[in-house]
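J.: Sequence plus predicted model, see below.
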Amino acid sequence: MTATAEKTNLRERLVETATKLFYENGYRATGINEIIDAAEIAKASFYHHFKTKEDLLITCLQKRHDQIMGDLRQYIAKGDTPAQRIRRVFFWLAESCQCSGTSLGCAFLNMTSEFREAEGRVREVVKWHKNALRELLYELIAARYLGQGKTEDELSNAAAELYLLVEGALAASPVQCCTWPIETARKLAEGHFDLME
C-alpha cells in the first residue's frame, strides 16, 4: 500500500469510527482519545487529518449527508411516476427506521440539541442537509404538478408541507420505536397530494 493510500485509509477509518461513536454516544460524550483508541490510530494521525473534534464531526455529517441523499435518490428513482416517487420517500423512511428500544433517530436532528448556537458551524451543516432534503422534495412536488398550472408559491407551499410530514415522521418514529408515524405521514401525503393512482 502506498503512503497516500495508507493516509486515505487512516482518514476513512477515523471518520467511520467517529461517525458511529458520535451517533451512538453524542458529540460531547465522545472524546478524541476514545475515537483514536477505537479507530486504532496514533494521536498524531488524528491531528494530521483534523485540527479539532468539531472539524471531524463536520466531515462525518457531510459524509452521512452524501450517503443518505444518494440512497434516497436511488430508492425513489425506482418509482414509475411522480406520485409513486413521493410515496417511495416514506417507504424508504420506514425501511431505514430501526424500530427497537435503541433507535437513535436522525443524526442531524440529534446534533441540534448539542449545538444550540444557531450560527455555529455544525448547525449550518445541519441546515444545509435539511435544505437539500427540502429541495429534493420540491423537485418531486414540481414533477407531480407539472402542467397543472400551479404557481411557484403553490409549489413551494406544497413542498414545505411535504417536508414537514417527512420531518415529523423522522422525529416521531424513534420516540415511538415504531414506523406508525411514518405510515401515518405517508397516508396524509397520499390524500393531500392525491398520490394514489
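T.: Sure, I can see it. Residues are numbered from 1 along each chain as shown.

J.: Please state the offset of stretch 47-64 from the chain centre?
T.: The chain centre lies 17 Å from the centre of stretch 47-64; the measure is Cα atoms, centre = their mean, to the nearest Å.

J.: Please point out which parts of it sit buried.
T.: Within stretch 47-64, the residues that count as buried by 16 or more other Cβ atoms under 10 Å are His49, Phe50, Lys53, Leu56, Leu57, Ile58, Thr59, Cys60, Leu61, Arg64. (C-beta placed from N, C-alpha, C; glycine too.)

J.: what is the rounded mean pLDDT of whichever strand or helix holds the fifth one?
T.: Using DSSP states H and E, the element containing Leu57 is helix 53-76. Per-residue pLDDT values over helix 53-76 give a mean of 97.

J.: now do stretch 130-147
T.: pLDDT averaged over stretch 130-147 gives 97.

J.: With stretch 105-116 instead?
T.: pLDDT averaged over stretch 105-116 gives 90.

J.: From the rest of the structure, what touches that stretch?
T.: 22-23, 26-28, 57, 61, 64-65, 104, 122-123, 125-126, 129-130, 170-171, 173-175 (Cβ atoms under 8 Å, 6 or more residues apart in numbering).

J.: got the CA positions of it in PDB?
T.: Provided in PDB are the C-alpha atoms of stretch 105-116 (Å, rounded to 0.1, in the frame of the first residue of the first chain):
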ATOM      1  CA  GLY A 105     -33.200   8.900  15.400                       C
ATOM      2  CA  CYS A 106     -31.800  11.400  12.800                       C
ATOM      3  CA  ALA A 107     -28.100  12.100  13.400                       C
ATOM      4  CA  PHE A 108     -28.600  15.700  12.100                       C
ATOM      5  CA  LEU A 109     -31.500  16.500  14.400                       C
ATOM      6  CA  ASN A 110     -29.600  15.000  17.300                       C
ATOM      7  CA  MET A 111     -26.800  17.500  16.800                       C
ATOM      8  CA  THR A 112     -29.100  20.500  17.100                       C
ATOM      9  CA  SER A 113     -29.600  19.500  20.800                       C
ATOM     10  CA  GLU A 114     -25.900  19.600  21.400                       C
ATOM     11  CA  PHE A 115     -25.100  22.700  19.300                       C
ATOM     12  CA  ARG A 116     -27.500  25.400  20.400                       C
END
